[in-house]
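K.L.:
Quick one: sequence plus predicted model below, questions after.
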Amino acid sequence: MQPVLNVEDIKRVEVELTRVGVSVSELMHRAGYAAAQEVLELEGAKSVAVLCGMGNNGGDGWVAAEALLARGLKVQVVCPMDPDQISGDLARQVAQAAVKAGVPVTVGPSRDELDEVLDEADVVLDCMLGTGFHGEVRAPFDIWIECVNASGCRVVSVDVPSGLSAQTGQAGSACVVADLTVTMLALKPGLLADDGRDVCGAIVVAPLAEQTERLCVEADPVAWRTDLADYRDVMVETSASVDKFTRGSVLVVGGSSRFPGAPIMAARAAARMGAGYVTLAVPQAIAAVCQTHLLEIPVVGLPCDVEGVLTADAAERVAKMARSASSVLVGPGMRVSGGTVAVVSALLRSEAPLVIDADGLNCLSRLTEGRLFDFPEFTRRDAPLILTPHRGELGRLSGRSEVPPTSLSEQLECARQIVWSDGGSEIVVVSKGSATGCVSVDQAVLPKPGPAALATAGSGDVLSGMMASYLAQVGGQSENLPLMAALVCEIHGYAGTVAAERLGSRGVMACDLIDSIGLATDAIEERAALAGLEDASEGQQA
Ligand SMILES: NC(=O)C1=CN([C@@H]2O[C@H](COP(=O)(O)OP(=O)(O)OC[C@H]3O[C@@H](n4cnc5c(N)ncnc54)[C@H](OP(=O)(O)O)[C@@H]3O)[C@@H](O)[C@H]2O)[C@@H](O)CC1
Ligand SMILES: [K+]
C-alpha cells in the first residue's frame, strides 16, 4: 500500500528529511531531476516549455529545465518576473544557476507571446503552483493555465497540477489538466478525489530520499492507497468442498412500496457476489412483486403500514431471522419511520455481522440524533459493523447535516470520529465519494476508484449487497475488515468497467453492474494473486 499524507504532514516529512541530512536544496534538485526524467521518458519529447511560478514549485522547474537542456532537449522557461527578482532564496538561486547554464527565459510574456512559445513545444512542464497554492488563481497564471490547456501539448505537472488544491482536491476557476503528475515524497488526498481525479492524469510518486518511506509512515498517513497484491490476505478462500450454506447466508432487509427495486438489486448483488444463500425480507405489501423478480431468492413479507413501510412489529421478526444469517444488510429502499428505526435498532443490538446502507443509515442518524459516536448501542457492539454512507449520509451521522464533508480528507475525518468513538476494530465506515475511504480505527484504506459509469441510481444498493455477501463468505469477520471492504469496492468499480465495455460508458444501469460482478470478481482476484507473485519474485531478486 502507498501512504497518502495531508499537505501539512508532507511539510513535516520535509523538515524531518533536513534533520537526517537531506537539505531542502537537495530535495529541490532531486524533485527537478525526477520531473525531468519523466519528460525524458515521454516518447518523442524534443521541445519543452517549462512554466515556472515564484515559489519552490517554480524552483523545481528551473532545476528540471537545466537538466533537460543538458540532455539535449530544446528548452524554454517562462517566468512572470526576472529570475534575479524572485524573493525566495532557493528558487532564486536555482533560477540564476539555470540562466547561467544557458537556459533561455521568456519573462512576463503577453498571451500571444506565450502561445508562440507553446506552439514551438511538444511538452509543457507545469511548475507554476504547487502545495503553496491557496485561494483563486491570480494573474498571470489564470491566463497561462488557459493557454496551456488549449495548447494541445502533453502536460507534465510537478507535484500537483497548478490550480488544484493538493489537500482538498478542489480546482480553482483555472486549473491545469495534466497527462502526468509527478508528485513529491508521497500521494496527497487532493490528487485522488474530486477535481483531482479529472486533472492529474497518471500519477507518479517521486520519493526523493531513501528515508522518505520510513518518515512518511512515522508521519501517520491520513490513508493508504491499495495495490492489487494487498488484497490477497483478505480474499475468500476457494474450496471444492462447499455447499450453499458454507458459502455464507445473507439476509437483506429493506424496501418500501415507493422503492421496491433497491432491496431486489441488493439481494441479487449479494447472490452474484457468491453467497450461497440469500433471503430478502421486505414489507408484506411488496413481497409478491419482489418475488417475481427473484427466482433463486426467497422473499419474506414483514408487517408494514398503509404506505408499505415496515412497522415496529417487524423488528422482532428481523432480529430472529438475523440469528441464522452469516451477515445482514439493512437499509436499501426502506424509508425512515418509527418502524424502520425500530428495525435498525434491533439489528444494532443483535450479534449479527451487519452492513447498514442508505435509509438504514438515515434511521441510524434519527436514532442517535446525529451523534452516532456518542450512542451506547453503537459503541457497545462487538460484532462486525460496516456502514456505507455517501457524503450526505456521513454528514447526518456525524451531526453535520448542514455542512457535510466536501473533500476526501473531510470524509476521512468524519469517518474517524465515528470509528474512534467505539475504539474497536470491528467497525468500518466505507465513506463513499469521488474517492472512497474504508476507515477503521487501525487504518483508512483507499481502493482504486471505479469509472463514472458507477454514478447511477442503484449502484450503492449493489455495493451494499456485495459487501454483505463478502462478509458472509469470510464467516462474518475478517482480520482486516477495511481492506476487505476496499476489495469489495474495487470489484464493484471493476464491474462498472466490465459493464461499460459492453454497454458504453453512459449506458450502464445498476442491474448491469450486478450481471458483471462474477467476471469482475474473478478478474480482480486473479490479478491480485498475480501481482502478489510478481512482488514475491521481485523481493527474491532484490
Ligand atoms: N515538500 C517537499 O518536500 C518538497 C517540495 N518541493 C516543491 O515545493 C513546492 C511548494 O513550494 P512553496 O511552498 O514555495 O509553494 P508553491 O507551490 O511554489 O507556491 C507558492 C507561490 O505561489 C504563489 N501563489 C500562491 N497562491 C497563489 C494564487 N492563488 N495565485 C497566484 N499565485 C499564488 C505564492 O505567492 P504569494 O502568495 O506568496 O504572493 C508563491 O509565490 C511543492 O509543491 C514542490 O513542488 C520541492 O522543491 C522539494 C521537496
Ligand atoms: K504545478
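P.N.:
Alright, I've got the coordinates. Ligands and ions are numbered 1, 2, ... in the order given.
K.L.:
What is the burial count for the closest residue to ligand 1 within the stretch 251-400 of the chain?
P.N.:
Nearest residue of the stretch 251-400 of the chain to ligand 1, counting by Cβ to the nearest ligand atom: Arg391, 25.8 Å away. To be clear about C-beta, it is placed using only N, CA and C from the backbone, and glycine gets the same treatment. Here the number of neighbours of Arg391 (other Cβ atoms under 10 Å) works out to 20.
K.L.:
what's the distance between it and Tyr277?
P.N.:
Between Arg391 and Tyr277 the distance is 34 Å, computed by Cβ to Cβ, to the nearest Å.
K.L.:
interface residues of the stretch 151-300 of the chain facing ligand 1?
P.N.:
For the stretch 151-300 of the chain, the residues in contact with ligand 1 (Cβ under 6 Å from any ligand atom) are 158-159, 184-185.
K.L.:
sorry, back to before: isn't the residue of the stretch 251-400 of the chain closest to ligand 1 up against Pro405?
P.N.:
Yes: with contact defined as Cβ atoms under 8 Å, Arg391 and Pro405 form a contacting pair (5.2 Å).
K.L.:
which neighbours do the two share?
P.N.:
Common contacts of Arg391 and Pro405, defined by Cβ atoms under 8 Å, 6 or more residues apart in numbering, comprise 411, 431, 433.
K.L.:
Including secondary structure, could those residues go into CSV?
P.N.:
Listed next are those as CSV, based on DSSP: H, G, I helix; E, B strand; the rest coil:
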residue, secondary structure
Gln411, helix
Ser431, strand
Gly433, coil
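K.L.:
quick one: which of those has the most company?
P.N.:
That'd be Gln411 among these, by other Cβ under 10 Å, with 30 neighbours.
K.L.:
Which single residue of the stretch 301-450 of the chain ends up nearest ligand 1?
P.N.:
Going by Cβ to the nearest ligand atom, ligand 1 is nearest to Ser409 of the stretch 301-450 of the chain, at 17.1 Å.
K.L.:
so that residue touches Asn6, yeah?
P.N.:
Yes: because the distance of 6.3 Å satisfies Cβ under 8 Å, Ser409 is recorded as touching Asn6.
K.L.:
Sitting in strands, which of the residues of the stretch 151-300 of the chain next to ligand 1 do you find?
P.N.:
Mapping those onto strands (DSSP state E) picks out 158, 184.
K.L.:
Now the two most distant members of the residues of the stretch 151-300 of the chain next to ligand 1.
P.N.:
Spatial extent of those (Cβ to Cβ) is set by the pair Val158 and Leu185 at 12.6 Å.
K.L.:
More neighbours: these two, which one.
P.N.:
More crowded of Val158 and Leu185, by other Cβ under 10 Å: Val158, with 35 against 26.
K.L.:
Against Ser350, how distant is Gly423?
P.N.:
Using Cβ to Cβ, Gly423 is found at 20 Å from Ser350.
K.L.:
Mind checking which of those two has more residues around it?
P.N.:
Ser350 (19 against 9).
K.L.:
Would you agree that one is in contact with Lys320?
P.N.:
No: counting by Cβ under 8 Å, Lys320 is not a contact partner of Ser350; they are 9.3 Å apart.
K.L.:
what about stretch 387-398, how long is it end to end?
P.N.:
End-to-end span of stretch 387-398 (Cα to Cα, to the nearest Å): 13 Å.
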